[in-house]
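In: no letters, just coordinates:
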């Protein structure tokens, strides 16, 4: 199983499967078919079978997928069965909101440090974390073995923050600033700009319906 | 050009192209090749040519794409050349952060109303918007012709808010709550849960590097 063999589209769907499977597991449902998965996730069942087949032969004909086993497999594929520390840079509204998600990251992935360049923010508490100055970034990333950085700073500061994170040894970046970062090829960057989410949604609006609300 | 003929993956890439093209346009660069686009966006040039070919024959061999023309075309395809009003439900940290993005939505897509169920939040100002009570949702969605709803409420409230938005006539939802919403087929839902972004990033981390920071 080689990273570069699996398309990003598939990798991006796996956490969505995982979320739904965790939900089933909580409700003590132990098997699920690709049809059921497809219906819930608005995906073609054949696509789901194909996605999961990349990682081995999980399903059994006429029975479906074993939920706890599939959860374990996807967690392993996504490296969620090992501790991964995450640094967040930018303690504004978005930074605060993302820190709230720590509760959902039940896995071993956790935001363990928060940084901000703005002096009055330093020392503030966000849940169990204390906002640190940028001057401590390098040392903290190294000492905590932080591997992923989340950027939630204003767009004009994003490239500078990315450079600092990469210099400190980070391997992957989730970038919420609406700019395209210049990074070396060994650093994986995902853009999490919500404007692109919103813009792709607009595509699905019906034509010529601006003036009349939907009456269903 | 029929909506259901173009895959969601393509539709989701178009805003990314648009962002980069807008950036070129600001720098007064008037043509771009699929090679350059591919390099900047970490995508195969052939994939880009294929994506754009869905919508007509934009490129010219040996010259590339005309930047302003391509911007106009993508904006039209994404319906960004018509006014689209957006409602945001949930005026917490995330709601505040998203309202900040209004400045980036230079297009005619705009958050025009913010709602919250929590009494003390009602009446608060977020930039030029005033937080309204949930009781005003139905009426405001209709009177402003709002077509897209953004959900940034706690997960246990998300389904209820989705139901209210749909009842009010919304056509598409961007859902930030980490739950899977049950919605009728004529309402398009995109999940914007950042945990899935983060989990798919972990896939790209190198194996067995937990303890040693990257020294490049």
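Out: Looks like it came in fine. As the structure is a computational prediction, the values presented were derived from the model and not from experiment.
In: what angle sits between the helix or strand of chain A with the lowest mean pLDDT and helix B:194-202?
Out: Sorting the helices and strands of chain A by mean pLDDT, DSSP states H and E puts helix A:194-202 at the bottom, at a mean of 81. Taking axes from the mean of the first three to the mean of the last three CA atoms, to 10 degrees, helix A:194-202 and helix B:194-202 form an angle of 110 degrees between their directions.
In: ok but residue A:120 is inside a helix, no?
Out: Yes: according to DSSP: H, G, I helix; E, B strand; the rest coil, residue A:120 belongs to a helix.
In: how many neighbours does it have?
Out: The burial metric for residue A:120, expressed as a neighbour count using other CB atoms under 10 Å in any protein chain shown, is 8. C-betas here are computed from N, CA, C, even on glycine.
In: ok, now how distant is it from chain B?
Out: Taking CB to the nearest CB, to the nearest Å as the measure, residue A:120 falls 17 Å from chain B.
In: tell me which helix or strand comes right after the longest helix anywhere in chain A.
Out: In chain A, taking DSSP state H as the definition, the longest helix is helix A:8-26. The C-terminal neighbour of helix A:8-26 among helices and strands, as given by DSSP states H and E, is strand A:31-32.
In: and that following strand, does that touch chain B?
Out: No: for strand A:31-32, no contact with chain B is found by CB under 8 Å from any CB of the partner chain; the gap never falls below 13.1 Å.
In: and if you look at stretch A:173-187?
Out: Yes: applying CB under 8 Å from any CB, one finds stretch A:173-187 touching chain B at A:173, A:174, A:178, A:179, A:180, A:184, A:186.
In: which parts of chain A are strands?
Out: Assigned by DSSP state E, chain A shows strands spanning A:31-32, A:65-66, A:84-89, A:109-116, A:125-126, A:129-133, A:148-151, A:172-175, A:188-191.
In: mean neighbour count, mean pLDDT and distance to residue B:123 for the ones you listed - can I get that in JSON lines?
Out: Formatted as JSON lines, the strands of chain A follow (neighbours: other CB atoms under 10 Å in any protein chain shown; pLDDT from 0 to 100; distance: least, CB to CB, whole Å):
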{"stretch": "strand A:31-32", "mean neighbour count": "18", "mean pLDDT": "92", "distance to residue B:123": "45"}
{"stretch": "strand A:65-66", "mean neighbour count": "20", "mean pLDDT": "89", "distance to residue B:123": "49"}
{"stretch": "strand A:84-89", "mean neighbour count": "24", "mean pLDDT": "94", "distance to residue B:123": "31"}
{"stretch": "strand A:109-116", "mean neighbour count": "22", "mean pLDDT": "93", "distance to residue B:123": "29"}
{"stretch": "strand A:125-126", "mean neighbour count": "14", "mean pLDDT": "92", "distance to residue B:123": "26"}
{"stretch": "strand A:129-133", "mean neighbour count": "17", "mean pLDDT": "96", "distance to residue B:123": "29"}
{"stretch": "strand A:148-151", "mean neighbour count": "26", "mean pLDDT": "96", "distance to residue B:123": "32"}
{"stretch": "strand A:172-175", "mean neighbour count": "24", "mean pLDDT": "94", "distance to residue B:123": "34"}
{"stretch": "strand A:188-191", "mean neighbour count": "20", "mean pLDDT": "87", "distance to residue B:123": "35"}
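In: any chance of these in TSV, with distance to residue B:97 too?
Out: Conversion of those to TSV gives the following (distance: least, CB to CB, whole Å):
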stretch	distance to residue B:97
strand A:31-32	35
strand A:65-66	37
strand A:84-89	13
strand A:109-116	14
strand A:125-126	14
strand A:129-133	16
strand A:148-151	13
strand A:172-175	14
strand A:188-191	16
